[in-house]
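Asker: just coords:
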């Protein structure tokens, strides 16, 4: 089938151009290389499409269609999106990306090269022509128009007619299309076929394909879902499209598998979106008000929220009392502490939702955790984790809020509304980082969770780089009991740098005891009924020197239209264990699935670097070096 025929089929809706979750990710250099290959007659590969049934009552596009069928372009969407944008002059339906990547492509008809428009270079050189302008006409009409505009150069344009024809004939190039069709070609099967065929390139997920099928019948679906995710973002939660699709699936079916949802009428899915948003909001409200975990950085594990959704569905969306909620929240905390969904997410969700459908309830969910863990008692060793990316970081946050820990300088309870300019909360290193690094401590030891406390910005600034042995006595006298509310050991011998590891060991004991007490009271339903203010701490965001650097880098990437990356990304081994925390990572590449894994490692040891490299990451130990790589590769 020719390129021109494919684009016409896209216009009438017989072929759908899904952008999936990754959107359009090509840069100008990739666009230029594609056009150069086509012009020179080089092969650019085949297309893989999935012929799938749709609602026969729906009409798509402006032409007559075979009722109830659409061809979804699976492999080749970046190439076809590029060609559509250049030839049609506008992006296709469902486009999500930077249209500048294919806008204003020009061709020099003497040198026969492609470049993007540069006024200083091209304005007064008639040999530079707009590729889109030519494609929207044909070579003869284009030449005649140029002669009318510039009759003195008629010979020039006539002399280049063959080049114009060759360029325009790109539209007539045949592309082989391989079609996957048949009732047995479910979403699971099609994804497997695609990923086997495309083993060296972009991976397609089941969520990608589900969204593509929905959009083929309801083009506005992507924007509807994006609007919901934007609302969650404004509330402090960053969820992905695929995660929300999974939540819709569970809302509709009680199961995590997309196949069932893909067969449902579009009206059912339309109605499910606001309802799913509402039910997720109910879960988040309880997590925030009872546990104090009120924004995305401390949510723990987002897939546990989906299981909660499944449990609520089994109870007709209403739990009997607060004790039932507390037991579910007890399970929720342990689910993220022990990495219930860290690997084989869909299988783990299926197991847990099956327990729910079998009537096993929260007791069944808790038993499942115990079977994999042995018991759910928290030990001091469990607080060995480090950085704000550690699984136990949300637990430290939870303990601070549920214990009504107080600020050391102001004596304010840290679950109260904090409205002053400098009263938003920050992560405080109890033993200052600079002093510990000077004492030769490693990054992991310096950023141990047991060295973290949450304080107001005012108090954090006031303490600055003072030694604990210097500033502890002042705040103990100023606000009696405030430091103890953060489980700070009161043995003054432990406040010295040379006894730092002993301090950590003692505080871990205190934290483990407090955690078990609070979680056991949740399980038994004996915890106080006091509700934590859930809107007060939206600015309760961890801030450290390292994360400041990382946040600035994320913003730098965003301004360039690139993937911001995942801060504090957990590196998981084959057994689902956390073996490292990466300061910033792109586990699917800067261009999802199209480039290698990348990580930023600041102040890490050679052993950590070797481990990260073993798991297929290209890493940078300097932000400036990383920026140079980005500038040279994705300019």
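Answerer: Here it is on my side, so go on. Quick caveat: nothing in here was measured; it's all calculated off a predicted structure. Numbers count the residues shown, from 1 in each chain.
Asker: Distance of residue 209 relative to residue 368?
Answerer: Using C-beta to C-beta, to the nearest Å, residue 209 is found at 29 Å from residue 368. Yep, even glycine has a C-beta here, placed from its N, CA and C like the rest.
Asker: just residue 631 next, same as before
Answerer: In terms of C-beta to C-beta, residue 631 sits 48 Å off from residue 368.
Asker: Please apply the same query to residue 522.
Answerer: Counting by C-beta to C-beta, the gap from residue 522 to residue 368 is 18 Å.
Asker: Tell me which of residue 631 and residue 368 has more neighbours.
Answerer: The residue with more neighbours, out of residue 631 and residue 368, is residue 368; 18 against 10, by other C-beta atoms under 10 Å.
Asker: The more buried one: what's it in contact with?
Answerer: For residue 368, the contacting residues are 351, 352, 355, by C-beta atoms under 8 Å, 6 or more residues apart in numbering.
Asker: For it, identify the helix or strand it belongs to.
Answerer: Using DSSP states H and E, the element containing residue 368 is helix 361-373.
Asker: need the next SSE after that helix, C-terminal direction.
Answerer: According to DSSP H and E, the helix or strand after helix 361-373 is helix 393-402.
Asker: now for that next one, which elements pack on it?
Answerer: helix 266-291, helix 322-337, strand 452-456, helix 500-524 (3 or more C-beta pairs under 8 Å, 6 or more residues apart in numbering; DSSP states H and E).
Asker: Adding pLDDT and neighbour count, write the contacts of residue 368 out as a markdown table.
Answerer: As requested, the contacts of residue 368 are exported to a markdown table (pLDDT from 0 to 100; neighbours: other C-beta atoms under 10 Å):
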| residue | pLDDT | neighbour count |
| --- | --- | --- |
| 351 | 95 | 16 |
| 352 | 96 | 27 |
| 355 | 96 | 22 |
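Asker: mind listing which of these are in helices?
Answerer: When the contacts of residue 368 are checked against helices (DSSP state H), the matches are 351, 352, 355.
Asker: quick one: which of those is nearest to residue 559?
Answerer: Ranked by distance to residue 559 (C-beta to C-beta), those are led by residue 352 at 40.2 Å.
Asker: For the closest one, which non-adjacent residue is spatially closest?
Answerer: In space, residue 352 comes closest to residue 307 once its chain neighbours are excluded; the distance is 4.9 Å by C-beta to C-beta, 6 or more residues apart in numbering.
Asker: Next, the angle helix 361-373 makes with the helix or strand that contains that neighbour.
Answerer: Using DSSP H and E, the element containing residue 307 is helix 302-314. Calculated by axes from the mean of the first three to the mean of the last three C-alpha atoms, to 10 degrees, helix 302-314 forms an angle of 150 degrees with helix 361-373.
Asker: Tell me which other helices or strands helix 302-314 touches.
Answerer: If you count contacts as 3+ C-beta pairs under 8 Å, 6+ apart, helix 302-314 packs onto helix 241-253, helix 266-291, helix 322-337, helix 345-357, helix 361-373.
Asker: now the longest one against helix 322-337, angle please.
Answerer: Read it as helix 266-291. 90 degrees.
Asker: average pLDDT for helix 266-291?
Answerer: Throughout helix 266-291, pLDDT has a mean value of 94.
Asker: Next, the angle helix 393-402 makes with it.
Answerer: Using the same axes, to 10 degrees: helix 266-291 against helix 393-402 is 60 degrees.
Asker: for helix 266-291, which positions count as buried?
Answerer: The neighbour-count check on helix 266-291 (16 or more other C-beta atoms under 10 Å) flags 266, 269, 272-273, 276-277, 279-280, 283-284, 286-291 as buried.
Asker: I'd like the distance from it to the chain centre, please.
Answerer: Relative to the centre of its chain, helix 266-291 is centred 19 Å away, using C-alpha atoms, centre = their mean, to the nearest Å.
Asker: re earlier: distance check, the residue nearest to residue 352 against residue 141.
Answerer: Going from residue 307 to residue 141 by C-beta to C-beta gives 61 Å.
Asker: Looking at the two now, which is surrounded by more residues?
Answerer: Using other C-beta under 10 Å, the more surrounded residue of residue 307 and residue 141 is residue 307, with 27 against 12.
Asker: What residues does the more buried one make contact with?
Answerer: Going by C-beta under 8 Å, 6+ apart, residue 307 touches 335, 349, 352, 353, 356, 365.
Asker: Dump the contacts of residue 368 to CSV, plus distance to residue 185.
Answerer: Shown next, in CSV, are these (distance: C-beta to C-beta, whole Å):
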residue, distance to residue 185
351, 27
352, 28
355, 31
